[in-house]
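[1] Fold the stuff below for me.
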Amino acid sequence: MHTLHQSFSVRFTYDVYFTERLFEVTNATLLDFLQSQTAEGVRKKILVVLDGGVASTHPSLADQIHTYFTEHPIAALTEIRVVPGGEAAKNAPELVEELIEAIDRCGIDRHSYILAIGGGSVLDMVGYASAIGHRGIRHIRIPTTVLAQNDSGVGVKNGINYRGKKNFLGTFAPPVAVFNDAEFLKTLDERDWRAGMSEAIKVALIKDRPFFEWLEANARKLAARDGEAMQYLIHRCAELHMQHIAGGDPFEMGSSRPLDFGHWSAHKLEYLTNFEVRHGEAVAIGIALDSLYSNRIGWLSDSDTQRILDLEHTLGFALYHPALEGESVLKGLQEFREHLGGRLTIMLLKSIGQGAEVHDMDADHIRQAIAQLNERYSQPAENEAV
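    Numbers count the residues shown, from 1 in each chain. Modelled structure (predicted):
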């Protein structure tokens, strides 16, 4: 018997830039990046995909992009495609096919760029199309929501929903660069401003107690749309996510996904509400649910549990939804296990800043935690739109 053994590693590097008004002609952030990537005498192509929601709130953006690449002809702008924003971008596989057709028609190759501007769902869909086109086209992300700037937009995952399951089709493919433009946050509605903060709470709870304490101290500022406070939140949350990716299991080869605290029920709740509840809103409910569960099994103290619930409530999150009732949400546990493979692995809390994994959850404790949320929070938070 003969065996050939192969082993190699691939190094991925990318930067996350923080700026304002990226496409102003005087802003050289994007230009400098493209120049650093360009070989002498070679002018690369760039295909821009724009979130329809962003296009409507920034009606001059497309013209600004055209002007930018006219004034700085570092890359040949082939087209600006506008696609539906929100979860609709991930629920329509035909959008991927349309983007592949544009890649073919515009002659976008592996050394060209696909630049996506939008919320996390658009970035996920465009990242997936970029990864499968020519087995990998260089992808630039410009996240436009809090959730995308501090979490999904700085990571390595791409995907679309399929067969009624979240992110059933997807890839692990890092971007070549991420540009966080604070200007886009100014036009967010209250729900999108708030929703992304749940991911900051999540990562603070499992990794960084001082960051959680900062969130507590600045909760009212954040709820009042203080821009400086939000920029710190986004920067620190993105930093923690990137540190985790670099130091752990970035392509999720194991059965553990520590950064998904509060997510097993959140993913199911999104589907059960036909995405009326947005991802960040569902994660906030999932955090509350799993915090109460951690308390019920004797891990998380009463005082820490109340601090978590109080922070979410101060930020304006609804912490209960009628779709939690019945048995449907419990199916999210099995679907979460299937998505990762291997044993069910769920992150719970020992204390604020200290997560711990379990491999099973008691259905009765889950039901009782849901009942607690119903009893305390069945009325929406004061400034919650859901």
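[2] and the residue lying closest to A173 once chain neighbours are set aside, how many neighbours?
    Nearest residue to A173, sequence neighbours excluded (C-beta to C-beta, 6 or more residues apart in numbering): A131, at 3.9 Å. The C-beta positions use only the backbone N, C-alpha and C, and glycine is treated the same way. If you count neighbours by other C-beta atoms under 10 Å, A131 ends up with 20.
[3] residue contacts, A131?
    I137, H139, N158, T171, A173 (C-beta atoms under 8 Å, 6 or more residues apart in numbering).
[4] measure it to R43 for me?
    Distance, A131 to R43, using C-beta to C-beta, to the nearest Å: 24 Å.
[5] likewise H263?
    42 Å.
[6] Between the two, which is the more surrounded one?
    H263 (23 against 11).
[7] quick revisit: mark which of the contacts of A131 are buried, thanks.
    I137, H139, N158, T171, A173 (16 or more other C-beta atoms under 10 Å).
[8] what's stretch 34-43 in contact with?
    K44, P73, I74, A75, A76, H111, Y113, V176.
[9] since we're on E213, how many residues are nearby?
    15.
[10] wait, what's in contact with it?
    E213 touches nothing, counting by C-beta under 8 Å, 6+ apart.
[11] So it lies in a helix, does it not?
    Yes. The assignment for E213 by DSSP: H, G, I helix; E, B strand; the rest coil puts it in a helix.
[12] So for it, what's the pLDDT?
    Looking at E213, its pLDDT is 98.
[13] Can you pull the domain assignment for the protein?
    15-186, 191-377 (automatic domain parsing).
[14] which parts of the helix or strand encompassing Y68 are buried?
    Element membership of Y68 [criterion: DSSP states H and E] is helix 61-71. Using 16+ other C-beta under 10 Å as the test for burial, helix 61-71 gives L61, A62, I65, Y68, F69.
[15] So which residues make contact with it?
    Everything outside helix 61-71 that qualifies as a contact, by C-beta under 8 Å, 6+ apart, is 23-25, 30, 46, 48, 50, 54-55, 75-77, 80, 82, 117.
[16] ok, which stretches of the stretch 1-150 of the chain are strands?
    15-19, 44-51, 75-83, 113-118, 138-143 (DSSP state E, counting those that start in this stretch).
[17] From the contacts of A131, which land in helices?
    Using DSSP state H, no member of those sits in helices.
[18] Let me know the closest of those to D192.
    Of all those, D192 sits closest to N158, with 20.7 Å by C-beta to C-beta.
[19] Mind jotting down where the helices sit in the stretch 151-300 of the chain?
    190-195, 197-207, 209-217, 219-223, 227-247, 263-272, 279-296 (DSSP state H, counting those that start in this stretch).
[20] buried ones in the fourth one?
    By neighbour count with 16+ other C-beta under 10 Å, helix 219-223 contains the buried residues A219, L222, A223.
[21] of those residues, closest to R367?
    Using C-beta to C-beta, A219 comes nearest to R367 of these, at 29.6 Å.
[22] quick one on the thing from earlier: any quick ChimeraX command for the buried ones out of the contacts of helix 61-71?
    ChimeraX command restricting those to the buried ones, with burial defined by 16+ other C-beta under 10 Å:
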select :23,30,46,48,50,54,55,75,77,80,82,117
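[23] so can I have a markdown table of the buried residues of helix 219-223 showing pLDDT and distance to S121?
    Shown next, in a markdown table, are the buried residues of helix 219-223 (pLDDT from 0 to 100; distance: C-beta to C-beta, whole Å):
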| residue | pLDDT | distance to S121 |
| --- | --- | --- |
| A219 | 98 | 27 |
| L222 | 98 | 23 |
| A223 | 97 | 24 |
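[24] Now distance to T314 too, for these, in JSON lines please.
    Shown next, in JSON lines, are those (distance: C-beta to C-beta, whole Å):
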{"residue": "A219", "distance to T314": "4"}
{"residue": "L222", "distance to T314": "9"}
{"residue": "A223", "distance to T314": "6"}
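[25] now, among the residues you listed, which is nearest to I245?
    Of all the buried residues of helix 219-223, L222 has the smallest distance to I245: 24.7 Å, by C-beta to C-beta.
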